[in-house]
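Peer 1: mind looking at a prediction? Sequence and model below.
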Amino acid sequence: MPSSLSGTGHNGFEKADLHIHTKCSDGLFSPEEIVEKAAAAGLKAISITDHDSVAGIDKAKPSAIEKGIELIPGAEMSSAYKGYDIHVLGYFFDYEQSALKQYLDHCRLQRTERAERMVGKLAKMGVKIGIEQIILKAQNGSVGRPHIAAVLQDGGYVKSFSEAFSRYLGAHSPAYVKSIETHPAEVIKLINEASGLSFLAHPAQSVSDEILKQLITFGLDGIEIIHPSHDSYKQNYYREIANEYFLLFSGGSDFHGLKDREDEIFGKLTIPMDWVTKMKSRLVKA
């Protein structure tokens, strides 16, 4: 079993982090800076998994080659099922594939429209912020609630990100608008048709066991086992489910760079390269 919080990785073997966000969605660091951090942490492989965006991959590629780090194409794709927000991590897909690119462009528009609707709801509550400020925060990346939270903080409406979410932006808060409502089976199919593998992100955070088992029937290739929201009990629990259904394991830090503690865990919440090798063997057989 991997020692997920050990800086040396799995028994001192090479390690990977397959869940990292950049400025291309809601992360604090550029793709190039992430590669620098990965090299400093001794990571052998990384995947930049921005929300509904692959814009960071080409930006990170030259520095990844220079540093000798394997850069696995990735994205965290939004979907919805039976009232749950389901995030599907795609890996190893052809990110130039036209159907996938068209879908991600569509998601980008949907994310901006969602932000506009939330701005409208906030305005009715006397909280006046502009969509332009939010798009500026996103730096032409994939617009998300953290960008709205940052603008609320800048405007003095809230003191922290957590207050922005609890008062205005969280799932049960007054300015909340549902995310992308594509069926997860459609997202899994898109990843599959682009020759990639699909994994359910942070199951403990997002789904019940009953929903998880339904999602597996849609053709998931694996489950994210290692995640900041998974303690050792949950890691073992999801590992057992993955084994029961012959699914692959994945994991990572879900690093955004936004919280004080995140810098401490970067390079420490990892998976063994053995898991990456098993993913590749599944690709070869596909």
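Peer 2: Noted; the coordinates are in hand.

Peer 1: contacts made by stretch 201-220 with the rest, please.
Peer 2: 19, 76, 81-82, 84-89, 184-185, 188-189, 192, 198-200, 223-224, 227, 229-230, 234, 238, 241, 245, 247, 254 (CB atoms under 8 Å, 6 or more residues apart in numbering). Yep, even glycine has a C-beta here, placed from its N, CA and C like the rest.

Peer 1: quick one: the strand or helix carrying residue 275 to chain centroid distance?
Peer 2: Assigned by DSSP states H and E, residue 275 belongs to helix 273-285. Counting by CA atoms, centre = their mean, to the nearest Å, helix 273-285 is centred 20 Å from the centre of its parent chain.

Peer 1: so which bits of it are buried?
Peer 2: Buried residues in helix 273-285, counted by 16 or more other CB atoms under 10 Å: 273, 275, 276, 279.

Peer 1: what about residue 70, neighbour count?
Peer 2: 15 (other CB atoms under 10 Å).

Peer 1: now it, which residues is it bridged with?
Peer 2: As for beta bridges, residue 70 partners with residue 45 under DSSP bridges.

Peer 1: helix or strand for residue 59, which one?
Peer 2: If you go by DSSP H and E, residue 59 is part of helix 55-67.

Peer 1: please enumerate the strands of the protein.
Peer 2: For the chain, applying DSSP state E gives strands covering 15-20, 45-48, 70-71, 74-81, 84-91, 197-200, 222-226, 248-251, 271-272.

Peer 1: now the ones you listed as a markdown table including distance to residue 117 and mean pLDDT?
Peer 2: Shown next, in a markdown table, are the strands of the chain (distance: least, CB to CB, whole Å; pLDDT from 0 to 100):
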| stretch | distance to residue 117 | mean pLDDT |
| --- | --- | --- |
| strand 15-20 | 28 | 98 |
| strand 45-48 | 28 | 98 |
| strand 70-71 | 35 | 98 |
| strand 74-81 | 16 | 95 |
| strand 84-91 | 16 | 95 |
| strand 197-200 | 27 | 98 |
| strand 222-226 | 29 | 98 |
| strand 248-251 | 33 | 98 |
| strand 271-272 | 37 | 97 |
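
Peer 1: and the residue nearest the centre of this protein?
Peer 2: residue 76 (4.0 Å; CA atoms, centre = their mean).

Peer 1: list the residues that contact that residue.
Peer 2: 19, 21, 25, 49, 50, 51, 52, 87, 88, 89, 201.

Peer 1: got it, and residue 283?
Peer 2: Counting by CB under 8 Å, 6+ apart, residue 283 has contacts 92, 195, 197.

Peer 1: centre of the chain to the lengthiest helix in the chain, how far?
Peer 2: Criterion DSSP state H: the longest helix present in the chain is helix 98-124. Remark: helix 98-124 is offset 17 Å from the chain centroid, using CA atoms, centre = their mean.

Peer 1: also stretch 46-65?
Peer 2: 12 Å.

Peer 1: for the remainder of this discussion, apply numbering that starts at 32.
Peer 2: Okay, using 32 as the starting number, the last item reads as stretch 77-96.

Peer 1: with only the CA atoms kept, save that stretch in CSV.
Peer 2: Extracted C-alpha coordinates of stretch 77-96, given in CSV (Å, rounded to 0.1, in the frame of the first residue of the first chain):
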residue,chain,number,x,y,z
ILE,A,77,2.1,14.8,-13.1
SER,A,78,-1.3,15.5,-14.6
ILE,A,79,-2.7,19.0,-14.9
THR,A,80,-6.4,18.5,-14.4
ASP,A,81,-8.0,21.9,-14.8
HIS,A,82,-11.8,22.2,-14.6
ASP,A,83,-13.3,21.6,-18.1
SER,A,84,-10.1,22.9,-19.7
VAL,A,85,-6.9,21.5,-21.4
ALA,A,86,-5.3,24.9,-21.9
GLY,A,87,-2.6,24.2,-19.4
ILE,A,88,-1.2,21.1,-21.1
ASP,A,89,0.7,22.7,-24.0
LYS,A,90,1.9,25.5,-21.7
ALA,A,91,3.4,23.0,-19.3
LYS,A,92,4.9,20.7,-21.9
PRO,A,93,8.2,22.4,-22.7
SER,A,94,9.3,22.8,-19.1
ALA,A,95,8.1,19.2,-18.3
ILE,A,96,10.3,17.9,-21.1
